[in-house]
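Novice: predicted model and sequence follow; I will ask about them next.
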Number of protein chains: 2
Amino acid sequence: MNFNITILGCGAATPTLRRNPTSQVVSVHDKLFLVDCAEGTQLQLRRHKVKFQKINHVFISHLHGDHYLGLVGLISSMHLLGRTKDLHIHGPTGLERLIQLNLELSDTFLNFKWIFHPTNPKEKELLFEDNTLEVYSIPLKHRIDCTGFIFIEKPRKPKVSKEMIEEYNLSIIQIRDLKNLVDVKLENGEILSAEKATIASRTPRMYAFCSDTAYLPGLVEHIENANLLYHESTFTEEHAARAKATFHSTASQAATIASLANVKQLILGHYSSRYTSLSDFLEQAQPIFSNVILAQDGMVVEIP
Amino acid sequence: MNFNITILGCGAATPTLRRNPTSQVVSVHDKLFLVDCAEGTQLQLRRHKVKFQKINHVFISHLHGDHYLGLVGLISSMHLLGRTKDLHIHGPTGLERLIQLNLELSDTFLNFKWIFHPTNPKEKELLFEDNTLEVYSIPLKHRIDCTGFIFIEKPRKPKVSKEMIEEYNLSIIQIRDLKNLVDVKLENGEILSAEKATIASRTPRMYAFCSDTAYLPGLVEHIENANLLYHESTFTEEHAARAKATFHSTASQAATIASLANVKQLILGHYSSRYTSLSDFLEQAQPIFSNVILAQDGMVVEIP
């Protein structure tokens, strides 16, 4: 069951030829989710060969241009290229009005339905759920309302080992009971304990996307033990005052959050366009949290 | 005195890695004007090394996404990169509301003033004028209100030849009169005719941008004798019915307009993304109007 993210853009507010602004595709169990959609995202999707008609849910963190200005263009291309499937858009309330106004002014009637789901900037909320996955929004701390997103697999029932099934000639009902951790009585009157008969399934994997945000220790409770954390680091320590003033984080603040939350891996991103070299980000984060990597446009990060 | 255009995008509705959608920079006498501003335009400006803070006037033809979706991002980058100069935006009425809503939702207060000038989709109107140049909008025929733009140099007064000035020891007042085509009386009582003393200035140059439009013979009166005509040709003859249904033109219709208007050169553009090769466009236009070229992203066309 795959679980990976593709970085489509990891730059901050002003797009440059080096880095697109924020957007990424989260692929879980072969379902594609788009997180943020800066200007140019549809071209990045083409460039990195993501089949964008497979995206059914878009999550927009906040309404700064570098996180949503590519959305209307993407919707329009989905329409022109023949989409008929529903598209769910999750984001701050105002986004609905913005999309509507664009469609109205261009006199566009989409061939597909778009369903808008306003996000809650105040508390954690479930946005999406299916058999195997849940997606939540969590409040971040930014100049305007902003949410992060958490992708977490649902716990899977344990498996009953093949050997046990054969050895005790287990029935379907017995297997179901064991999966539900209920002990069963065998034909010979013995009790087979669920603990003995089952193999625990893999721990559910979790990805947390946190951009844009000031340093926010309150995040930790929501992202604890995540396999992967994308945390914005717009600035290096040199510009810590600027980070504070603009409700952004430094690389070492991102690393501190990763460490406090005991995540497995941290990706830094949302670098200000003032930096041509990113080595300072790594140097400042690594002493605090060692398993850290730098996002780059086009990078695919697997959650094993 | 330079007069050239830089094609930033010559594709139609859906951006592809081959072609950006519509935008171009018109450079006249070292002033830069932006015509249309599709998604990705700010990156195209960077890519082709156009100093975008030098742009003081933006002209938007109509509110289909492939002509304006890059504007809010460009405005935002101008702001973030320290602009303080006014920016004049000319376009369909609804555009003002759209920009306002984006700025309001992102809680952005620009460091510069933007002044919106609604265009008139019904008749030719003067949009901009200085000592040497005039810019007009002209109505096009599209699915929604749409205007073309005409850039035309002002006629310059003739020059008085240096030889005449020396030979007759002409005064400033006499030179001024001659420039205004008034004959002057010399010290010896003779009359020096303006016709004899002056050299006519170059005929004013004209560039006409016509995208998007159905075949529209009414255009001809506005663009007659233009040095350069950019006329959309979304489709080849093969898709003439589709051109008609969507209020676009074919290459041969664009060539017919160029021929009727007796322009000096025609550039085709706004090609539908369905075409990978553009040779049919040229083959279909050339028999009707021979001095035709195909727009390509990054191309600079000089008006000599």
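Specialist: Okay, I see it. All of these numbers come straight from a predicted model, not from anything done at the bench. Residues are numbered from 1 along each chain as shown, chains lettered A, B, ... in the order given.
Novice: what's in contact with the longest helix along chain A?
Specialist: Secondary structure of chain A read by DSSP state H shows that its longest helix is helix A:94-105. Contacts of helix A:94-105 from elsewhere in the structure, counted by C-beta atoms under 8 Å, 6 or more residues apart in numbering or on different chains, are A:60, A:63, A:68, A:71-72, A:75, A:89, A:108-110, A:114, A:116, A:118, B:63, B:65, B:92, B:94-95, B:97-98, B:101-102, B:105. Where you see a C-beta, it was placed from the backbone N, CA and C, and this is true even at glycine.
Novice: so for it, mean pLDDT?
Specialist: Taken as a whole, helix A:94-105 has a mean pLDDT of 97.
Novice: now that helix - C-alpha only, CSV.
Specialist: Taking only C-alpha atoms (Å, rounded to 0.1, in the frame of the first residue of the first chain), the coordinates of helix A:94-105 have been written out as CSV:
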residue,chain,number,x,y,z
GLY,A,94,-13.6,32.8,1.3
LEU,A,95,-12.3,30.4,-1.2
GLU,A,96,-15.7,29.4,-2.3
ARG,A,97,-16.7,33.0,-3.2
LEU,A,98,-13.4,33.4,-5.1
ILE,A,99,-14.0,30.3,-7.2
GLN,A,100,-17.6,31.3,-7.9
LEU,A,101,-16.6,34.8,-8.9
ASN,A,102,-14.0,33.5,-11.4
LEU,A,103,-16.4,31.0,-12.9
GLU,A,104,-19.2,33.7,-13.1
LEU,A,105,-16.9,36.3,-14.8
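Novice: following that helix, which helix or strand shows up next?
Specialist: Going down the chain from helix A:94-105, the next helix or strand is strand A:114-118, by DSSP states H and E.
Novice: any idea which residue of chain A is furthest from its center?
Specialist: Most distant residue from the mean C-alpha position of chain A: residue A:188, 50.2 Å away (C-alpha atoms, centre = their mean).
Novice: report the separation between it and residue A:177.
Specialist: 17 Å (C-beta to C-beta, to the nearest Å).
Novice: next one: residue A:8
Specialist: According to C-beta to C-beta, residue A:8 stands 46 Å off from residue A:177.
Novice: more crowded one of those two?
Specialist: The residue with more neighbours, out of residue A:8 and residue A:177 and counting by other C-beta atoms under 10 Å in any protein chain shown, is residue A:8; that gives 29 against 19.
Novice: in the stretch 51-200 of chain A, where is pLDDT below threshold?
Specialist: Per-residue confidence of the stretch 51-200 of chain A (counting by pLDDT under 70) places no residue in a weak region.
Novice: would you map the helices across it?
Specialist: With DSSP state H, counting those that start in this stretch as the criterion, the stretch 51-200 of chain A has helices at A:65-68, A:71-80, A:94-105, A:162-168, A:172-179, A:194-197.
Novice: give the helix, strand or coil label for residue A:215.
Specialist: With DSSP: H, G, I helix; E, B strand; the rest coil as the basis, the three-state label of residue A:215 is coil.
Novice: next one: it from residue A:279, what distance?
Specialist: Separation of residue A:215 from residue A:279 (C-beta to C-beta) stands at 22 Å.
Novice: what does chain A put close to chain B?
Specialist: Contact residues (C-beta under 8 Å from any C-beta of the partner chain) of chain A with chain B: A:13-17, A:39-40, A:42-43, A:46-47, A:63-66, A:69-70, A:72-73, A:76-77, A:80-81, A:92, A:94-95, A:97-98, A:101-102, A:104-107, A:143-144.
Novice: OK, contacts around the single nearest residue of the stretch 151-300 of chain A relative to chain B?
Specialist: The stretch 151-300 of chain A approaches chain B most closely through residue A:273 (8.6 Å), counting by C-beta to the nearest C-beta. Residue A:273 makes contact with A:11, A:12, A:13, A:14, A:16, A:18, A:19, according to C-beta under 8 Å, 6+ apart.
Novice: next one: residue A:107
Specialist: Neighbours of residue A:107 in contact, by C-beta under 8 Å, 6+ apart: B:143, B:144.
Novice: any figure for the gap between it and residue B:199?
Specialist: Here the distance between residue A:107 and residue B:199 works out to 52 Å (C-beta to C-beta).
Novice: helix, strand, or coil at the residue nearest to residue A:231 when sequence neighbours are not counted?
Specialist: Closest residue to residue A:231 apart from its sequence neighbours, by C-beta to C-beta, 6 or more residues apart in numbering or on different chains: residue A:254 at 3.9 Å. Using three-state DSSP, the three-state assignment for residue A:254 comes out as helix.
Novice: report how many residues lie close to residue A:254.
Specialist: Other residues within reach of residue A:254 by the criterion other C-beta under 10 Å amount to 31.
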